[in-house]
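1. Sharing a model that was predicted from the sequence below.
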Amino acid sequence: MAKAIMIQGTMSNAGKSLLAAGLCRIFRQDGYRVAPFKSQNMALNSFITEEGLEMGRAQVMQAEAAGIKPSVLMNPILLKPTNDTGSQVIVNGEVLGTMDAREYFAYKPKLFPDVMKAYHTLAEEYDIIVIEGAGSPAEINLKRDDIVNMGMAKRAGAPVLLVGDIDRGGVFAQLVGTVALLEEDEKSLVKGLIINKFRGDKTILDPGVKMLEKMADIPVVGVAPYLNIQVEDEDSLTERFSFRGEVGLIDLAVIRVPRISNFTDFNPFESMPGVTVRYVGSVRELGDPDMILLPGTKNTMEDLLWMRENGLEAAVLKAAAAGKVIFGICGGYQMLGERLSDPEHVEAGGTVRGMGLLPMETVFAAEKTRTRVTGIFGKVDGALAGLSDIPVEGYEIHMGETTGKDGVCSMTAIEDFVQRDGVKPDGGQKGNVYGTYIHGVFDREEVAKAVVRGLGRQKGIDTEHITGVDFRAFKESQYDILAEALRKHLDMKKIYEILEAGV
């Protein structure tokens, strides 16, 4: 059986996912077979495996760092929030149902056999399992029947490294307070502390580190710097949503709807020099972008109504009428149609008028489409005509079926990886409005480059010097940079000792 080590945090977004990915890459570089694991993940960013099963993208990112294929064994439970109090519950990659918080809390103990079966299957195949916790282990109201923090550490026999976020302030109180709220058997599992996201002169921090070790009676195994590593974020706490820089030659605006999902679709553009990706939640923030992107969402109809109420829909329609490029993916694509119907109450039920930019209608169905796809762009017109005949690949996750009418042109022909049921049309285009169900549509270098150059031509500027990147190769380089930084700032000798000693 594999040895295990667990990364827990004092709060959400303390940096657990990135540190776990970094350890996965370090262990892989050191010759070990390593896999990530998170028993329960709550996020709207999800991924479809080659088997057509759904899992959280954080564990996909960590699997990439480990150099292995993503598997739902790495994330047996995925919760996708549908509103402030409820979530769609996905177990072993399949939709179990939608539950409110209290209902799920009562049902959760029944899922531990699934969690441990997935974990033990991984542990039989790998040398090391890097386990990630969720939120904080000191949420005293949620400790009963815990399956993701100390409850998981106990069952896996995993020593814990507790991470605090100094960038948000109060890191010593975070770490000491978290340890103080743990039961004695839980506290004994914490073998090391990590201060994360540090900026500045570490020598100024050193006296505090010594006091922290004395007060917590646990060694500090590293002070990790604030790292500008471009890998995929897990959820809406991402710092990508807070744009503070100058707008580049090409300005892309992503509508930040309340239930935004799979915003990782737009990451490839961020690595292109001269291209800016901004996430906007109001008309004031929108400005005058070169392309407006409507992202995926867990609540298409409600998020469309949100845009309608705050004026963003009107702003998008005005931009489309002025000739700006509008591009929708998944839920954003559905919004572009004339009507959205929900006869089975998959979302809120009823019928909602769409934006009317594409002549098509969407009907929501109870069965979710989950599949990886590959295909090719057909004849694309307008500013993005350069997409024509370029190969495309990605995956679909959606509850609705969209039917086009006269006047809408299919954008791509795709082959279903799972069903192997031949070629089918996907997406639609009319004038300067484009849409597709394919997540990851921009991941290929040729696709992202064709989009940027098309926008440049429409704008009347030369963008030939803006090169695309091989996004997969780019991510590999980022994992190596991450591992190198962590080797420098973490006591890897001590971490290996903790790993070997276990609990």
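-> Cool, got the structure.

2. ok, then the element right after the helix or strand containing Leu455?
-> Here Leu455 sits within helix 445-459, counting by DSSP states H and E. Using DSSP H and E, the helix or strand that follows helix 445-459 towards the C-terminus is helix 471-489.

3. quick one: secondary structure of the residue nearest to Tyr333 when sequence neighbours are not counted?
-> Nearest non-adjacent residue to Tyr333, counting by Cβ to Cβ, 6 or more residues apart in numbering: Gly435, 3.4 Å away. Just so you know, the C-beta spots here come from the backbone N, C-alpha and C atoms, and that holds for glycine as well. Here Gly435 is recorded as strand under DSSP: H, G, I helix; E, B strand; the rest coil.

4. what's near enough to touch Gly435?
-> Shown in contact with Gly435 (Cβ atoms under 8 Å, 6 or more residues apart in numbering): 294, 327-329, 332-333, 336, 358, 411, 427-429.

5. which of these lies closest to Lys210?
-> Lys210 lies nearest to Ile329 out of the contacts of Gly435, by Cβ to Cβ, at 50.1 Å.

6. Make sure that closest one is actually in contact with Val441.
-> Yes - in this structure Ile329 lies within contact range of Val441 using Cβ atoms under 8 Å: 6.6 Å.

7. Need the overlap of contacts for these two.
-> Residues touching both Ile329 and Val441 (Cβ under 8 Å, 6+ apart): Asp265.

8. Dump the C-alpha coordinates for stretch 355-365 into PDB.
-> Extracted in PDB, the C-alpha atoms of stretch 355-365 (Å, rounded to 0.1, in the frame of the first residue of the first chain):
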ATOM      1  CA  MET A 355     -30.700  36.800 -25.900                       C
ATOM      2  CA  GLY A 356     -31.900  36.000 -29.400                       C
ATOM      3  CA  LEU A 357     -28.500  36.400 -31.000                       C
ATOM      4  CA  LEU A 358     -28.600  32.800 -32.400                       C
ATOM      5  CA  PRO A 359     -31.700  31.300 -34.000                       C
ATOM      6  CA  MET A 360     -31.900  28.200 -31.700                       C
ATOM      7  CA  GLU A 361     -33.700  26.800 -28.700                       C
ATOM      8  CA  THR A 362     -32.500  24.800 -25.700                       C
ATOM      9  CA  VAL A 363     -34.600  22.300 -23.700                       C
ATOM     10  CA  PHE A 364     -33.200  21.100 -20.400                       C
ATOM     11  CA  ALA A 365     -33.400  17.400 -19.700                       C
END
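
9. got the contact list for it?
-> 300, 304, 313, 316-317, 320, 326, 334-344, 346-347, 354, 399-408, 428-430, 433, 435.

10. in the stretch 151-300 of the chain, which ranges drop under the pLDDT threshold?
-> Low-confidence segments of the stretch 151-300 of the chain (pLDDT under 70): 233-245.

11. Which stretches in it count as helices?
-> 171-180, 184-187, 202-216, 267-270, 283-286, 300-310 (DSSP state H, counting those that start in this stretch).

12. Relative to Ala4, which of those is closest?
-> helix 184-187 (16.0 Å).

13. In terms of secondary structure, what does the closest one contact?
-> Counting contacts by 3 or more Cβ pairs under 8 Å, 6 or more residues apart in numbering; DSSP states H and E, helix 184-187 is packed against helix 150-156.

14. and Leu317, how many neighbours does it have?
-> Leu317 has 14 neighbours, counted by other Cβ atoms under 10 Å.

15. rewinding a little: can you go through the contacts of stretch 355-365 and name the buried ones?
-> 300, 304, 313, 316, 320, 326, 334-337, 340, 342, 346-347, 354, 399-400, 402, 404, 408, 428-430, 433, 435 (16 or more other Cβ atoms under 10 Å).

16. any idea how this protein splits into domains?
-> For the chain, the structural domains run 3-231+476-501, 250-465, going by automatic domain parsing.
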